[in-house]
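> below are the sequence and a predicted model; questions follow.
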Amino acid sequence: MDLLAFARGPALAFALAVFVLGTLWRLTHALTRPGLPDRSTARVGTPPAWRGALHGILRGMWPRRGFRPGTRFVTVNGYVFHLGLALVFFGYAPHIAFVRRLTGLSWPALPDAVMYLAAAATIVALIMALFVRLADPVLRLISNADDWITWALTLLPLITGMAVATQPSAALLASAHVLYGGPLAIHLLSVELLLIWFPFGKLMHAFLFVFSRGATGVRFNHRGVQV
Amino acid sequence: MSTAAVAAPAFDKQGQRTDEERVDAAMRSFVREFGVTASLHLESCVRCGMCAEACHFHVATGEAKYTPIHKLEPLRRAYLREAGPFAPLVRGLGLVKKLTIAELEQWQELIYDSCTMCGRCTMICPMGIDIAELVKEARHGMFKAGLVPERLALMDRAAQQWGSTATPGEDLPDILKEAANEHGVAIPCDLAQADILVTAAPAELGEHTKALAAAAKILNRIGARWTMHSAGFDASNIGFNNGDLELQERLTRAIVDTAVKIGAKTVILPECGHAYGAARWEAAKWYGKELPVRIIHMTEFLDETLAAGQIRVKQIGASATFHDPCQIVRRGGLEAAARRVVAALGFELLEMKDHGVTGYCCGGGGGVISNQRATPLRNKVFEIKRRQIDATGAKHFVTSCGQCRITFETGAKVAHWDMPTESLLELVADNLLD
């Protein structure tokens, strides 16, 4: 078995299993912790709890006006690499082909130029995030191993992916045989590392944010706090 | 000699216990606190650092250690080791070190001296982590470990003995009689039956007796059948601030059980923020069901009484700015009610740059005003608020929390600031129309 076959076969299966089972375990663990129901009387006229949760989830998408000057960089930079990663993963034609081979699902791809731009912006944003984390006294103090590992494992697929995307995606997909098998295997393995790390670190916020914001949204909705 | 060399340690200890016993007591308490919401919140942090921008202690000093999420670091470590999703692995591989007594001692300053549990950080967190609530839960463990600022511990002992930090219940009738005589208003006490049980904050039984008289004036005006009661009168609930859950329950039950005993349908809480947090939102957990009485803050009472036309007030016709007490507005939902009362008084409301749910805390909540060790830090925080108040150009500065008033009055003395802090309740009472 060559490296590409390993990356596409057992390594991918293992990474996906760790990702799915680990994520489910973390969510199940947190959501099944004992909970004390709030027996206090809700403020009269408050919307139902689900609306409070939804409001909390949406409210967290952007800082309030009073907080904006100090939070602008973290917010905008964060959006750049989150949207960039999403565009690259879901919009790049070879990625869609990869997902189709695995699941049968597919959707229209975005132009390569958009992908290159998104990948470049994402890499720049991640490097800026690292720089700020190293330079800012607050971020330096609160950072731990999870932050550095997560940063590196998020950047790695982008870098290894750029090494593979040396031709237009149409040419890559039209080729009868795999082009750049070695770099592609490395790229796949870097993605698999990310998937394996996902349930153990802060990448879990991709799922947890819904529950975390939602819980606070329910709490404040119950009290009639206009957030 | 450097100041560091002479600085007293920023922690106190209560009781005679070994260090190991203290750590174990804290850990057992922490583990009990790790319910579903606390777990979700402890797991969701991405360490973006935005919460530092919201914390008045960080803004006033620029010191990274005051970053709110950093104040929870020991709690997070306890969670990962004892209750997290991979706790056995974390312990087995030693991935997260066990908390030490030295760390808990150092932590005391961060969660008692430099956190008012105001929840401004909760408002900024992109993950919606309710940091203020987690700090409160962390305090439960610190209290169990006997690691509370001594001034707060002293107040705790007083409240355990008296049911109040201000006075024993048996002295209440005399205090009320004096206040009634001084202000020329009847203040009923210990009536066997009443519709409304009125409670007080400790300061109202001392330097702020005018607030008691103001409440009495309004209640008498509307012809309410009300009383104060020596069996349950102090709503400030020092147990809530200190992390003493047993005391919190006892003080809560004293009020609710007294209300039930005298047939009251409503409990009116004083102009006190933490009283509202403890009684309005947490009292029901001791009963396991919705309370048989309605608990309202004085601001709600004023708002409802004005809206119902039971009282009318003179139009003051000047400009005013309003300080939003954290537990009443940001964590209590009374932003609009307070502003309706301000409007009824005919004030032109000039809002501070930061107001409503994002308003800055007075800097004295959560027991910080009582913790003399925190005074220099609190005075720095006061400057943020003073600048914002001055910038409005308002002629009146109004709030609806006695604790905030004391904090502002104390800060004003140090800063030689001559803006008086006015009570919303007292303004209404002083401007009642016949």
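Done, it's in.
> how close does B:W417 sit to B:R386?
Computed as Cβ to Cβ, to the nearest Å, the B:W417 to B:R386 distance reads 6 Å. C-beta: built from backbone N, CA, C; applies to glycine.
> please apply the same query to B:V313.
From B:V313 over to B:R386 the distance is 28 Å, taken as Cβ to Cβ.
> please apply the same query to B:R405.
For B:R405, the distance to B:R386 equals 14 Å [Cβ to Cβ].
> who's more crowded, the two?
Between B:R405 and B:R386, counting by other Cβ atoms under 10 Å in any protein chain shown, B:R405 is the more crowded of the two (29 against 17).
> surely that one forms part of a helix?
Yes. The assignment for B:R405, made by DSSP: H, G, I helix; E, B strand; the rest coil, places it in a helix.
> you'd agree it is up against B:E426?
No. With contact defined as Cβ atoms under 8 Å, B:R405 and B:E426 do not form a contacting pair (9.8 Å).
> now chain B, which segments are flagged as low pLDDT?
Scanning chain B for pLDDT under 70 picks out B:1-9.
> if I pick residue 146, what's in contact with it?
Assuming you mean chain A. A:201-202, B:47 (Cβ atoms under 8 Å, 6 or more residues apart in numbering or on different chains).
> try chain B instead
B:G146 makes contacts with B:13-15, B:17, B:22, B:25, as judged by Cβ under 8 Å, 6+ apart.
> check A:L27 too.
For A:L27, the contacting residues are A:207-208, A:211, by Cβ under 8 Å, 6+ apart.
> which of these fall in helices?
Among the contacts of A:L27, DSSP state H puts A:207-208, A:211 in helices.
> what residue in the chain is the furthest from its centre?
Went with chain A since none was named. What lies farthest from the middle of chain A is A:V44; by Cα atoms, centre = their mean that is 38.5 Å.
> sorry, I should have been clearer: chain B.
Within chain B, counting by Cα atoms, centre = their mean, B:L93 lies farthest from the centre, at 40.8 Å.
> quick one: it from chain A, how far?
Applying Cβ to the nearest Cβ, to the nearest Å, one obtains 12 Å for the distance of B:L93 from chain A.
> do B:I311 as well
Here B:I311 is placed at a distance of 21 Å from chain A (Cβ to the nearest Cβ).
> list the contacts for that residue?
Residues counted as contacts of B:I311 (Cβ under 8 Å, 6+ apart) are B:218, B:221-222, B:305, B:428, B:432-433.
> which of the residues you listed are buried? Put it as a ChimeraX command.
The following ChimeraX line selects those of these that are buried, judged by 16 or more other Cβ atoms under 10 Å in any protein chain shown:
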select /B:218,221,305,428
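> just the contacts of B:I311 now: which is nearest A:V138?
The closest of those to A:V138 turns out to be B:V428 (Cβ to Cβ; 42.8 Å).
> and the helix or strand hosting that closest one, what does it pack against?
Element membership of B:V428 [criterion: DSSP states H and E] is helix B:424-430. Helix B:424-430 is packed against helix B:209-221, helix B:298-307, helix B:335-344, strand B:396-399, with contacts defined by 3 or more Cβ pairs under 8 Å, 6 or more residues apart in numbering or on different chains; DSSP states H and E.
> now list whatever residues contact both of B:W417 and B:R386.
With contacts defined as Cβ under 8 Å, 6+ apart, the residues adjacent to both B:W417 and B:R386 are B:G411.
> quick one on the thing from earlier: switch the contacts of B:G146 over to a markdown table; also include neighbour count and distance to chain A.
Conversion of the contacts of B:G146 to a markdown table gives the following (neighbours: other Cβ atoms under 10 Å in any protein chain shown; distance: Cβ to the nearest Cβ, whole Å):
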| residue | neighbour count | distance to chain A |
| --- | --- | --- |
| B:K13 | 19 | 26 |
| B:Q14 | 18 | 27 |
| B:G15 | 11 | 28 |
| B:R17 | 14 | 28 |
| B:R22 | 22 | 25 |
| B:A25 | 19 | 20 |
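> export these to TSV and tack on distance to B:L350 and secondary structure?
Putting the contacts of B:G146 into TSV (distance: Cβ to Cβ, whole Å; DSSP: H, G, I helix; E, B strand; the rest coil) gives the following:
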residue	distance to B:L350	secondary structure
B:K13	47	coil
B:Q14	45	coil
B:G15	50	coil
B:R17	53	coil
B:R22	49	helix
B:A25	49	helix
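> from these, pick the one nearest B:I296.
Within the set of the contacts of B:G146, B:Q14 lies nearest B:I296; the separation is 34.9 Å, counting by Cβ to Cβ.
> ok, now how distant is that closest one from B:P149?
Between B:Q14 and B:P149 the distance is 10 Å, computed by Cβ to Cβ.
> same deal with B:G62?
Counting by Cβ to Cβ, the gap from B:G62 to B:P149 is 24 Å.
> mind checking which of these two has more residues around it?
Here B:G62 and B:P149 are set side by side on neighbour count (other Cβ under 10 Å), and the busier one is B:P149, at 25 against 10.
> how about that one, what does it touch?
Counting by Cβ under 8 Å, 6+ apart, B:P149 makes contact with B:11-12, B:108, B:112-113, B:367, B:371, B:373-374.
> would you turn the residues you listed into TSV with distance to A:F14 and neighbour count?
Converted to TSV, the contacts of B:P149 look like this (distance: Cβ to Cβ, whole Å; neighbours: other Cβ atoms under 10 Å in any protein chain shown):
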residue	distance to A:F14	neighbour count
B:F11	48	20
B:D12	52	20
B:Q108	46	21
B:Y112	47	31
B:D113	49	23
B:G367	52	27
B:N371	53	23
B:R373	54	20
B:A374	53	26
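> just the residues you listed: which are in helices?
B:Q108.
> pick out the most distant pair among the contacts of B:P149.
The largest distance within the contacts of B:P149, taken as Cβ to Cβ, falls between B:F11 and B:G367 and amounts to 14.6 Å.
> just give me the neighbour total for B:P325.
The number of residues packed around B:P325, counting by other Cβ under 10 Å, is 31.
> and it, which of the three is it?
coil.
> so it is in contact with B:R405, correct?
No. Here B:P325 lies out of contact with B:R405, judged by Cβ under 8 Å, at a distance of 9.5 Å.
> can you get me a residue count around residue 68?
Here I'm looking at chain A. Look at A:R68: counted by other Cβ under 10 Å, it has 12 neighbours.
> wrong one, I was asking about chain B
B:P68: 31 surrounding residues under other Cβ under 10 Å.
> just the one 4 residues further on next, same as before
The number of residues packed near B:L72 is 27, by other Cβ under 10 Å.
> equivalent analysis for B:K65, please.
Neighbours of B:K65 under the rule other Cβ under 10 Å: 17.
> for residue 220, give me its contacts.
Went with chain A since none was named. Taking Cβ under 8 Å, 6+ apart, one finds A:52, A:56, A:227, B:331, B:333 in contact with A:F220.
> ah, no, chain B please
By Cβ under 8 Å, 6+ apart, B:N220 lies in contact with B:185-186.
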